[in-house]
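Student: only geometry, no sequence info:
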């Protein structure tokens, strides 16, 4: 047998995708191919979002307004931050149930450190850094128990869930509500950019996306990853720019009585971390190792990856993002009270990531899914609120959407498996 | 004759009261495919794990390219140029071929992945091993056939300038055609000057591929056979009823195998 016929009986099965034509025809063919094989990407969730927005536009009077759009951004920001951490934890195939109350610890820490007359009042920026560091450290400890001792993450973080809830109860039952007066902390939610500032930020985003694609295309010339359908690239770049400028334009037109609003900082923080964490997940060795450990931990270990280190770092990230989210939530109400965290924060954050297509079994999913999921859940709850629907119905609808999204995803994965992708 | 690529002398390993290996000798020449056969529990896997640094040996001497070495962990084995392809492959299904080939040794600058370099090198490695069945090296490993996956696992093992490749039952889960494909790849590794250790239950595969055959039985050496001068019948007898060539306290028996 000569070396060439090793191919032998297992002849190369040409990938259909490889043979798709380029240009417009390619765009159409690729879309059909993806549709048929169930490789839908974020499409269903974007369609779902549009449907939800249209539904509320025609049913709720105060939903489709510029002011409500600003509210929507600030309301969803905290959940989105937590959901980013959830993505990394789920990519490992683990779970972190402590993030809801960890967000509370972040809020409590920052509130305590900015308290005038407490004897340890400090600059709000420093207070926020310390609060996030505290949450990251707690995440690292929980992660270490999972990674080094081998206790299941469900149990460790369920313990964390109870412990941090207890700490918050103990502190706030004595102290009552802690008011946050520090302007830097409150800015995380309520700072509004000037119209020009907002457009500048939109411009940065609109340029950054095509540049990142072009960078890959140029540095990886001649390889598979450099193959980008030109029209798909243009369509995506235009969409990103459109969404960025459109969102800023709406914010800039929002007016409450006589005060003009603008792009809220909370939204910019979320987009910033979205970009940073996407970069971390997709462009760095660390991100690759997270996917590897989630896909096959034993294979990762044999390949020389320090699996325990990856696990600890991921739980650290989850703690840090929870802390940041908690600060944003506290800034929304300028205080920390016993009612913190608001609503079903933990479950909303996990639901956001799962609706966004992140698998609970590890190794599959993207950071952008969490952002889209959080926006969808935020829009849904905001819209139902403006309709004055009871909380019970809000939970029921959120639950149904979660169920629908995951069912769709499961069917899509089965289609992919059948088509050999 | 040059010194063996890998030589083990008097290797012993016990797990509690179980003697998994007793005074085992083993050697592989560069460019040679050495089969390691034996019944279940003969000590094949234990021997391999000692060489790979997964279980440290209790006693015994290791020589690599004539130099005495000690292997305390998988890292030591890797630094010497010893790579193991495990039976269960150890690939990440959710990652593509390139990502798997470079798993744990990614090419990066300041932690930022250099995808282009990795993709080009993967393509070159697969080409040099004539693994041409994989149509896109950017497809997830989950979509590959068993033979293709095994080829990727082998290519992954040999691309790091390795000198000795150990294959643990590489054809156990494969069909006839795919087995041929992998065996051809194994022979090609030998032709390229690597030392290859092939563990297999399948004597047909062994006789088709190996240059020499080491037989273990109940954790002891039974013999080393040259494929060209022996028959399957002889090897089967050695596997099932062979007498140890070395018994503690009777050093003369060591000469019998030569």
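Tutor: It's in. These figures come from a predicted structure and were not determined experimentally.

Student: low-scoring pLDDT stretches of the stretch 301-421 of chain A, where are they?
Tutor: A:416-421 (pLDDT under 70).

Student: Now do the contacts for the closest residue to residue A:292 other than its chain neighbours.
Tutor: Leaving aside its chain neighbours, residue A:292 sits nearest to residue A:300 (4.3 Å; criterion: C-beta to C-beta, 6 or more residues apart in numbering or on different chains). Placement of C-beta: from N, CA and C, glycine included. Applying C-beta atoms under 8 Å, 6 or more residues apart in numbering or on different chains, we find residue A:300 in contact with A:289, A:292-293, A:307, A:310, B:92, B:103-104.

Student: one more time with 7 Å
Tutor: A:289, A:292-293, A:307, B:92, B:103 (C-beta atoms under 7 Å, 6 or more residues apart in numbering or on different chains).

Student: same question, residue B:3
Tutor: Residue B:3 sits next to B:65-66 when contact means C-beta under 7 Å, 6+ apart.

Student: Centre of the chain to the one helix or strand the residue nearest to residue A:292 maps to, how far?
Tutor: Taking DSSP states H and E as the criterion, residue A:300 maps to helix A:297-302. Centroid displacement of helix A:297-302 relative to its chain, using C-alpha atoms, centre = their mean, to the nearest Å, is 27 Å.

Student: Can you pull the residues of the stretch 151-258 of chain B lying near chain A?
Tutor: Within reach of chain A by C-beta under 7 Å from any C-beta of the partner chain, the stretch 151-258 of chain B has these residues: B:177-178, B:180-181, B:184-185, B:188.

Student: Surely residue A:158 touches residue A:97?
Tutor: Yes: between residue A:158 and residue A:97 there is a contact at 5.2 Å, judged by C-beta atoms under 7 Å.

Student: more crowded one of those two?
Tutor: residue A:97 (22 against 15; other C-beta atoms under 10 Å in any protein chain shown).

Student: could you point out where the stretch 1-150 of chain A is predicted with low confidence?
Tutor: A:1-27, A:30, A:33-40.

Student: if we go to 90?
Tutor: A:1-48, A:57-65, A:115-122 (pLDDT under 90).

Student: Now do the strands in the stretch 201-350 of chain A.
Tutor: Assigned by DSSP state E, counting those that start in this stretch, the strands in the stretch 201-350 of chain A fall at A:255-256, A:259-260, A:335-336.

Student: Single out the most deeply packed of these.
Tutor: Highest mean neighbour count among the strands of the stretch 201-350 of chain A (mean count of other C-beta atoms under 10 Å in any protein chain shown): strand A:335-336, with a mean of 23.

Student: Need the contact partners of that strand.
Tutor: Contacts of strand A:335-336 (C-beta under 7 Å, 6+ apart): A:107-108, A:111, A:177-180, A:330.

Student: ok, residue B:93 to residue A:294 distance?
Tutor: Residue B:93 is 11 Å from residue A:294, where distance means C-beta to C-beta, to the nearest Å.

Student: what about these two, which has more around it?
Tutor: Per other C-beta under 10 Å, whichever of residue B:93 and residue A:294 has more neighbours is residue A:294, with 27 against 17.

Student: Identify the residues contacting the one residue in the stretch 51-200 of chain A that gets nearest to chain B.
Tutor: Closest residue of the stretch 51-200 of chain A to chain B, C-beta to the nearest C-beta: residue A:91 (9.5 Å). Shown in contact with residue A:91 (C-beta under 7 Å, 6+ apart): A:290-291, A:294, A:358, A:362-363, A:365.

Student: let's go with 8 Å and repeat that
Tutor: By C-beta under 8 Å, 6+ apart, the contact set of residue A:91 is A:281, A:290-291, A:294, A:314, A:358, A:362-365.

Student: And for residue A:356?
Tutor: Contacts of residue A:356 by C-beta under 8 Å, 6+ apart are A:42, A:45, A:83, A:87, A:365-366, A:368-374.

Student: before we move on, what about residue B:62?
Tutor: So residue B:62 contacts B:6-8, B:51, B:68-71 (C-beta under 8 Å, 6+ apart).

Student: Filter the contacts of strand A:335-336 down to the buried ones and express that as a PyMOL selection.
Tutor: The buried residues among the contacts of strand A:335-336 can be selected in PyMOL (16 or more other C-beta atoms under 10 Å in any protein chain shown) with this line:
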select buried, chain A and resi 107+108+111+178+180+330
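
Student: how about the helices of the stretch 151-258 of chain B, start to end?
Tutor: Under the criterion DSSP state H, counting those that start in this stretch, the stretch 151-258 of chain B contains helices at B:176-191, B:203-209, B:232-241, B:253-256.

Student: now the shortest one: mean pLDDT?
Tutor: Meaning helix B:253-256. Mean per-residue pLDDT for helix B:253-256: 46.

Student: Repeat that for the third one.
Tutor: The average of the pLDDT scores along helix B:232-241 is 88.

Student: Can you point out the buried residues in that helix?
Tutor: Going by 16+ other C-beta under 10 Å, helix B:232-241 has these buried residues: B:235, B:238-239.

Student: Tell me how far residue B:82 lies from residue B:73.
Tutor: For residue B:82 relative to residue B:73 (C-beta to C-beta), the value is 12 Å.

Student: Which one's more surrounded, the two?
Tutor: Neighbour count, other C-beta under 10 Å: between residue B:82 and residue B:73, residue B:82 has more, with 25 against 12.

Student: For the more buried one, which non-adjacent residue is spatially closest?
Tutor: residue B:164 (4.7 Å).

Student: and the one you found, how far is that from chain A?
Tutor: Here residue B:164 is placed at a distance of 17 Å from chain A (C-beta to the nearest C-beta, to the nearest Å).

Student: One more: residue B:3?
Tutor: 28 Å.

Student: SS state for that residue?
Tutor: coil (DSSP: H, G, I helix; E, B strand; the rest coil).

Student: beta partners for the residue positioned nearest the centre of chain B?
Tutor: The centre of chain B sits closest to residue B:166, judged by C-alpha atoms, centre = their mean, with a distance of 1.2 Å. Beta-bridge pairing for residue B:166 (DSSP bridges): residue B:84, residue B:197.

Student: Count the neighbours of the residue of the stretch 151-258 of chain B found nearest chain A for me.
Tutor: Distances between the stretch 151-258 of chain B and chain A by C-beta to the nearest C-beta are smallest at residue B:177, namely 3.4 Å. Counted with other C-beta under 10 Å, the neighbours of residue B:177 add up to 13.

Student: so it sits right up against residue B:145, yeah?
Tutor: No: taking contacts as C-beta atoms under 8 Å, residue B:177 lies outside contact range of residue B:145: 9.6 Å.

Student: so what's residue B:244 closest to, chain neighbours aside?
Tutor: Using C-beta to C-beta, 6+ apart and skipping residues adjacent in sequence, the residue nearest residue B:244 is residue B:220, 4.1 Å away.

Student: Pretty sure the one you found sits against residue B:20.
Tutor: No: counting by C-beta under 8 Å, residue B:220 stays clear of residue B:20, with 10.6 Å between them.

Student: Next, show the common contact partners of these two.
Tutor: residue B:43.

Student: which other residues reach stretch B:96-107?
Tutor: Contact partners of stretch B:96-107, identified using C-beta under 8 Å, 6+ apart, comprise A:285, A:288-289, A:291-292, A:299-300, A:303-305, B:91-92, B:95, B:113-115, B:117-119, B:121-122, B:125-126, B:134, B:136-141, B:144, B:152, B:155-156, B:159-160.

Student: now with 7 Å?
Tutor: By C-beta under 7 Å, 6+ apart, stretch B:96-107 touches A:285, A:288, A:292, A:300, A:303-305, B:91-92, B:113-114, B:117-119, B:122, B:134, B:137-141, B:152, B:155-156, B:159-160.

Student: Between the two ends of it, what distance do you get?
Tutor: One end of stretch B:96-107 sits 15 Å from the other (C-alpha to C-alpha, to the nearest Å).

Student: buried set for it?
Tutor: So for stretch B:96-107, counting by 16+ other C-beta under 10 Å, buried means B:96-106.
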